[in-house]
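Asker: pasting the sequence and the predicted model now:
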Amino acid sequence: MISMRINANGKKGTISRYLYGQFTEHLGRCVYEGLWVGEDSPIPNTEGIRDDVLEALRKLRIPVLRWPGGCFADEYHWMDGIGPASERPRMINNHWGGVEENNHFGTHEFLRLCELLGAEPYISGNVGSGTVREMQMWVEYITFDGESPMANLRRRNGRQEPWRLPFFGVGNENWGCGGHMRPEYYADLYRHYQTYVRHYGGNKVYKIACGANSDDYRWTEVLMREAGRFMDGLSLHYYTLPTGNWHGVKGSATEFGAKEWFQTLKHTLRMEELIVRHSEIMDRYDPEGRVGLIIDEWGAWYDVEPGTNPGFLYQQNTLRDALIAGINLNLFHNYSRRVKMANIAQMVNVLQAMVLTEGKKMLLTPTYHVFDMYKVHQDAELLEVAFESPAYTMDGVSIPQLSVSASVDAQGVIHLSLCNLHHAEGAALSCELDGSGARSVSGKVLTHAALNAHNTFEKPDEVAPADFRGAAFADGKIRIELPPASVVVLALA
Ligand code: AHR
């Protein structure tokens, strides 16, 4: 029996709702087909944005949406995506499959999507191949209220009022696809470009600098030292690959056994080391924790589904992805003093998606269900949870069997999220609640007998949350029986 103690008086700060952010790039079928079908499509839509996907995503209470990339951002020239759609230039999407980009989804369409979702926009600007002037004009176009060339152009394109633009990224992966820069060079460019990302009227822009690729600690060191005082956030990108190998086989999304399951979750847990070590560097330059660590790309990256365009990064999503999501979200909660935003890659049809589409069909993935179950933690107060996880061991290598986080919401309800990583063994817990009068427990569980269970267009509800019957109060404590390979969220009231 594993002993656990939740201290309801031990509030450790707010879990920012922005940890539940999403990312949508002009990549494969994420924007086109997945979100944008155009007003003339037979697929029911609102101003070109498909209704089924909108409706599903609205339920997740997505707080922030990052766009237009990714690698696409550093080749994107925003002026190509405004004005009458038929006059917008058609071009090649060089990064992602070399397919045509017709620019029908541009600034107005993205900001409308955000409005329809109730999400705040996070735009990534072009440092790699764009000019300072272009970036300055984009912010002016979106946010300036007075008389100016860009504000007037926006009005001519049909939008009178400025939009709010709370988040702006100055480049993306400038150590790689965004220009192959050295940190010293990018730090100077960041200082330069961000100067012209202006706060017009009441619009205060939270400026995010391009941060490190996984364990590139030198990047964080140089950026914090040379440009820390000019930024509000510094990003971090880390993807989970089953093999951990970027240059060979990454591993199938659906064809795997216990060994690959274990390896993948082990790679997922590496996120903790990355957060801790990047935070240590940030703490030295910013002890007050003013600069947020913004994990604006994370999730599972597999080999693409057989027969699909390798440049489209289309992959299925199984119970394993549910665990990947749950583990990462628990880590983001537990390190929310420094981690202020996270954006899973990507929202639709690309990498670890919430929804998959095929023509007019749509399905919800296991990852969607975890985001739905976990959304109760948004803006809640993080609570201290004391416990010692048993080890989950395979071939002499051990990782923790459990991943856990807890929070209390504005109504005083405590939510406890538990992931049992073990592919075959359940876990029995006895949980004490200090400083809380909670006496009732209810919850949801996401699990399946098959590790690689997933939803298909033929069987869209193969993996779906069910009421959890494995928790009950006894002698003032909560007894919890977690099934193997499961994600559980409990409400204690
Ligand atoms: O999310 C897919 C790609 O991964 C993004 O375009 C890029 O930033 C990262 O390498």
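Answerer: Yes, it's here. Residues are numbered from 1 along each chain as shown.
Asker: near the ligand, which residues of this structure show up?
Answerer: Glu25, Gly69, Gly70, Cys71, Asn172, Glu173, Glu297, Ala345, Gln346, Leu351 (CB under 6 Å from any ligand atom). (Each C-beta comes from the backbone N, C-alpha and C, glycine too.)
Asker: now render the residues you listed as CSV, adding distance to His95.
Answerer: Listed next are the residues of the chain next to the ligand as CSV, based on distance: CB to CB, whole Å:
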residue, distance to His95
Glu25, 9
Gly69, 8
Gly70, 8
Cys71, 4
Asn172, 11
Glu173, 11
Glu297, 14
Ala345, 14
Gln346, 13
Leu351, 14
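Asker: what's near enough to touch the closest residue to the ligand within the stretch 101-250 of the chain?
Answerer: Going by CB to the nearest ligand atom, the ligand is nearest to Glu173 of the stretch 101-250 of the chain, at 4.5 Å. Going by CB atoms under 8 Å, 6 or more residues apart in numbering, Glu173 touches Gly70, Cys71, Asp74, Cys210, Asn213, His237.
Asker: neighbour-wise, which one of those leads?
Answerer: Most neighbours among the contacts of Glu173, by other CB atoms under 10 Å: Cys210, with 33 neighbours.
Asker: wouldn't that residue be in contact with Gly169 here?
Answerer: Yes - the pair Cys210 / Gly169 is scored as a contact, 7.2 Å apart, by CB atoms under 8 Å.
Asker: overlap of the contact sets of these two?
Answerer: Ser235.
Asker: gap between Trp261 and Ala485?
Answerer: To Ala485, Trp261 is 8 Å away according to CB to CB, to the nearest Å.
Asker: neighbour count: the two, which is higher?
Answerer: More crowded of Trp261 and Ala485, by other CB under 10 Å: Ala485, with 27 against 23.
Asker: isn't the more buried one up against Leu323?
Answerer: Yes - at 7.0 Å, Ala485 and Leu323 qualify as touching, with contact defined as CB under 8 Å.
Asker: next, show the common contact partners of the two.
Answerer: Leu421.
Asker: nearest to the ligand: which residue in this protein?
Answerer: Among the residues of the chain, Gly70 lies closest to the ligand, at 2.7 Å counting by CB to the nearest ligand atom.
Asker: state the helix or strand in which Ser279 lies.
Answerer: If you go by DSSP states H and E, Ser279 is part of helix 258-285.
Asker: mind listing what's buried along that helix?
Answerer: For helix 258-285, the neighbour count (16 or more other CB atoms under 10 Å) marks 260-269, 271-272, 274-275, 278-279, 281-282, 285 as buried.
Asker: tell me the gap between that helix and the middle of its chain.
Answerer: Put simply, helix 258-285 sits 16 Å off its chain's centre (CA atoms, centre = their mean, to the nearest Å).
Asker: so for that helix, mean pLDDT?
Answerer: Averaging pLDDT along helix 258-285 yields 98.
Asker: same check on stretch 63-77?
Answerer: 98.
Asker: what are the pairing partners of the strand ranked longest in the chain, and which direction each?
Answerer: For the chain, the strand reaching the highest residue count under DSSP state E is reported as strand 2-14. Strand 2-14 sits in its sheet next to strand 381-387 (antiparallel), strand 427-434 (parallel), going by DSSP bridges.
Asker: give me the buried positions along that strand.
Answerer: Ile2, Met4, Ile6, Asn7, Ala8, Gly10, Lys12.
Asker: only C-alpha atoms, please: export it in CSV.
Answerer: C-alpha atoms of strand 2-14 as CSV (Å, rounded to 0.1, in the frame of the first residue of the first chain):
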residue,chain,number,x,y,z
ILE,A,2,1.4,3.4,-1.0
SER,A,3,0.9,6.2,1.6
MET,A,4,0.1,9.6,0.3
ARG,A,5,-0.6,12.9,2.1
ILE,A,6,-2.2,16.0,0.6
ASN,A,7,-1.8,19.2,2.5
ALA,A,8,-4.8,21.3,1.7
ASN,A,9,-3.2,24.2,3.6
GLY,A,10,0.1,23.9,1.7
LYS,A,11,-0.8,26.1,-1.3
LYS,A,12,2.2,26.5,-3.6
GLY,A,13,1.1,29.1,-6.1
THR,A,14,-1.3,29.2,-9.0
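Asker: following element in sequence after it, please.
Answerer: Strand 2-14 is succeeded, C-terminally, by strand 21-23 (DSSP H and E).
Asker: now do the helices in this protein.
Answerer: Here the chain has its helices, by DSSP state H, at 51-58, 107-117, 132-143, 149-156, 183-195, 217-227, 258-285, 319-334, 366-374.
Asker: closest to Lys204 out of these?
Answerer: Nearest to Lys204, of all the helices of the chain, is helix 132-143, at 9.9 Å by CB to CB.
Asker: what is the orientation angle of that closest one with helix 107-117?
Answerer: On the basis of axes from the mean of the first three to the mean of the last three CA atoms, to 10 degrees, helix 132-143 is oriented at 40 degrees to helix 107-117.
Asker: centre of the chain to helix 132-143, how far?
Answerer: Remark: helix 132-143 is offset 26 Å from the chain centroid, using CA atoms, centre = their mean.
Asker: enumerate the positions of that helix that are buried.
Answerer: For helix 132-143, the neighbour count (16+ other CB under 10 Å) marks Val132, Glu134, Met135, Gln136, Met137, Trp138, Val139, Glu140, Tyr141, Ile142, Thr143 as buried.
Asker: list the residues that contact Val197.
Answerer: Val197 makes contact with Gly125, Met135, Gln136, Val139, Phe168, Val170, Val205, Lys207, according to CB under 8 Å, 6+ apart.
Asker: so how far is Asn317 from Tyr302?
Answerer: Tyr302 sits 9 Å away from Asn317, going by CB to CB.
Asker: swap that for Gln22, please
Answerer: Distance, Gln22 to Asn317, by CB to CB: 14 Å.
Asker: quick check: the residue of the chain most remote from its centre vs Glu481, distance?
Answerer: Most distant residue from the mean C-alpha position of the chain: Asp475, 39.6 Å away (CA atoms, centre = their mean). As judged by CB to CB, Asp475 and Glu481 stand 16 Å apart.
Asker: also Ser442?
Answerer: Ser442 sits 15 Å away from Glu481, going by CB to CB.
Asker: just Tyr217 next, same as before
Answerer: 41 Å.
Asker: ok, Glu255 touching Asn452?
Answerer: Yes - counting by CB under 8 Å, Glu255 does reach Asn452; the two are 7.1 Å apart.
Asker: the more surrounded of the two?
Answerer: Comparing Glu255 with Asn452 by other CB under 10 Å, the one with more neighbours is Asn452, at 17 against 12.
Asker: Gln22 and Asn317: which is more packed in?
Answerer: More neighbours surround Asn317 than the other of Gln22 and Asn317, with 29 against 25 (other CB under 10 Å).
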